[in-house]
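Chemist: Okay, here's the prediction I keep looking at, along with the sequence it came from:
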Amino acid sequence: MGKIMNERLLFLLFLFSFLILAGCLKESKKQKAIEIPESYSLNITSESEEIAKVKLVKLPIEEEKKEEKTLEMISNFTEDINAPLRISFFNVGENERLTLISKGDFDVVISSISEKNIENAVSLIKSNADDVELFIIPYAKTLNNDIKIIENVDVAKIIVPDYDKVSLGEEKVIVEKASNGKIYEGNGIKIEIVTPFLKSFTGDEANSISLYISDRNFSMFIGNDIIEGVIGKIVASNVIKDIDVIVMPSYGKGEAGGANMKLFIDKTKPENAVFEGKGIDLNYIESDDSRAAMVNYLKAKGIKQYFVGNNKVIKIFYNGESYEIKEE
């Protein structure tokens, strides 16, 4: 009798232990955590209180909405007249130019781009400036390509040559025709248009925008596509005195490499000259290269020469006291 009682007690103890263990397992299953990736949602469909089907559903990725800048937002910039001046001449190919002038939050672009380089120009501008206060198109022949850049860059104002052939439809930016003596300013930079735009001069080159740029004790002349006759008129006007840097007109070619150009150099005494467009090997200049005469003249004058086509970019940095030019 005692043996039977002991067997029953052992059985009941075993049964009680089994029920407790089963309950714990069931509870642990209910409380198990499921980690859900951030880009997924947990979709649970329950067939009963104890059985559930779990499915991970990928959430659609919301596209980042870009804030569209107003003209007022683009035009506004942080005033800082003591900020360093930075000028970059990008290598965008032969007979093309893309120049970025920046001082603090004030940015100016000078562009003469072919159709094949529009995307590259947009990328270079966007990676170096948040927006552009002044976009100068100096050459009528490339205007249609340069306008396409503006479709993808925030620009406040466009300056185009004062020439009958130049016409623009309605744009979301301010468009001005350049006029001789007009000065644009921002953060202490002065950008003066020095092309005379005489009615006696016809053609895209004669009516290209040339610029005299100054900031504190630094000054630079950018000739863009002007030719000999126009240079002679600029020399005669006596507007430009001594300059630190000259950006050679018409890429330094023969169209702007005659007696008037030499007279301009003798009068303004630049320390450095920048050639846009195709590169040059100073140790060997091809005999049919129309830039040879001007390169040799500058060399004889002891003027340091930089060629954008030999580099990815040429940069000028001016800190208010001194400037340096780097080839990269």
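Modeler: Good, I have the coordinates. Numbering: from 1, shown residues only.
Chemist: Please name the nearest non-neighbouring residue to the spatially most central residue of the chain.
Modeler: Centroid check for the chain by Cα atoms, centre = their mean gives Ile125 as the closest residue, at 1.2 Å. Counting by Cβ to Cβ, 6 or more residues apart in numbering, the nearest residue to Ile125 once its immediate chain neighbours are dropped is Val153, at 5.3 Å. Placement of C-beta: from N, CA and C, glycine included.
Chemist: count of residues packed around that neighbour?
Modeler: Using other Cβ atoms under 10 Å, the number of residues around Val153 comes to 17.
Chemist: And it, what's its pLDDT?
Modeler: Listed pLDDT for Val153 reads 93.
Chemist: Can you tell me how far it is from Ile213?
Modeler: 21 Å (Cβ to Cβ, to the nearest Å).
Chemist: And for Thr195?
Modeler: Applying Cβ to Cβ to Thr195 and Ile213 gives a distance of 14 Å.
Chemist: Check Val308 too.
Modeler: Going from Val308 to Ile213 by Cβ to Cβ gives 17 Å.
Chemist: Between the two, which has more neighbouring residues?
Modeler: Each of Val308 and Ile213 has its neighbours counted (other Cβ under 10 Å); Val308 has more, 27 against 22.
Chemist: That one reaches Ala273, doesn't it?
Modeler: No. Between Val308 and Ala273 there is no contact under Cβ atoms under 8 Å: 11.5 Å.
Chemist: can you map out the helices along the stretch 1-150 of the chain?
Modeler: Remark: helices assigned in the stretch 1-150 of the chain by DSSP state H, counting those that start in this stretch are 2-31, 71-75, 118-128, 143-150.
Chemist: Show me what counts as buried in the third one.
Modeler: Residues Ile118, Asn120, Ala121, Val122, Leu124, Ile125 are the ones in helix 118-128 that count as buried (16 or more other Cβ atoms under 10 Å).
Chemist: Model confidence for the third one, exactly?
Modeler: It refers to Ala121. 96.
Chemist: List the contacts of Gly254.
Modeler: By Cβ atoms under 8 Å, 6 or more residues apart in numbering, Gly254 lies in contact with Ser290, Arg291, Ala293.
Chemist: In helices, which of those residues fall?
Modeler: The members of those that map onto helices under DSSP state H are Ala293.
Chemist: Now a PyMOL select for only the buried ones of the contacts of Gly254.
Modeler: The PyMOL command for the buried members of those (criterion: 16+ other Cβ under 10 Å) is given here:
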select buried, resi 291+293
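Chemist: any chance of the contacts of Gly254 in TSV, plus pLDDT and distance to Thr78?
Modeler: Converted to TSV, those look like this (pLDDT from 0 to 100; distance: Cβ to Cβ, whole Å):
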residue	pLDDT	distance to Thr78
Ser290	88	44
Arg291	91	40
Ala293	89	45
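Chemist: Closest to Lys262 out of the contacts of Gly254?
Modeler: Ala293 (9.1 Å; Cβ to Cβ).
Chemist: could you list every residue that touches that closest one?
Modeler: Counted by Cβ under 8 Å, 6+ apart, Ala293 has contacts Gly254, Gly257.
Chemist: tally of neighbours for the nearest residue to Glu286 once chain neighbours are set aside?
Modeler: Spatially, and ignoring its direct neighbours in sequence, Glu286 is nearest to Ala292 (7.6 Å; Cβ to Cβ, 6+ apart). With neighbours defined by other Cβ under 10 Å, the count for Ala292 comes to 16.
Chemist: The residue nearest to Ile125 and Glu133 touch, don't they?
Modeler: No. Val153 is beyond contact range of Glu133, at 11.5 Å (criterion: Cβ under 8 Å).
Chemist: So in terms of bridging, what pairs with Met176?
Modeler: Not quite, residue 176 is Glu, not Met. Ile159 (DSSP bridges).
Chemist: And Ile101, by the same measure?
Modeler: Ile87, Val108.
Chemist: if I look at it, how far off is Lys304?
Modeler: For Ile101, the distance to Lys304 - Cβ to Cβ - is 20 Å.
Chemist: Those two: which has the busier surroundings?
Modeler: When Ile101 and Lys304 are compared for neighbours, Ile101 comes out ahead with 25 against 13, by other Cβ under 10 Å.
Chemist: who touches that one in this structure?
Modeler: Here Ile101 is in contact with Leu85, Arg86, Ile87, Asp107, Val108, Val109, Ile110, Ile189, Ile191, Ile213 (Cβ under 8 Å, 6+ apart).
Chemist: tell me what the host helix or strand of Val230 is packed against?
Modeler: Assigned by DSSP states H and E, Val230 falls within helix 228-237. Contacts defined by 3 or more Cβ pairs under 8 Å, 6 or more residues apart in numbering; DSSP states H and E place helix 228-237 against helix 259-268.
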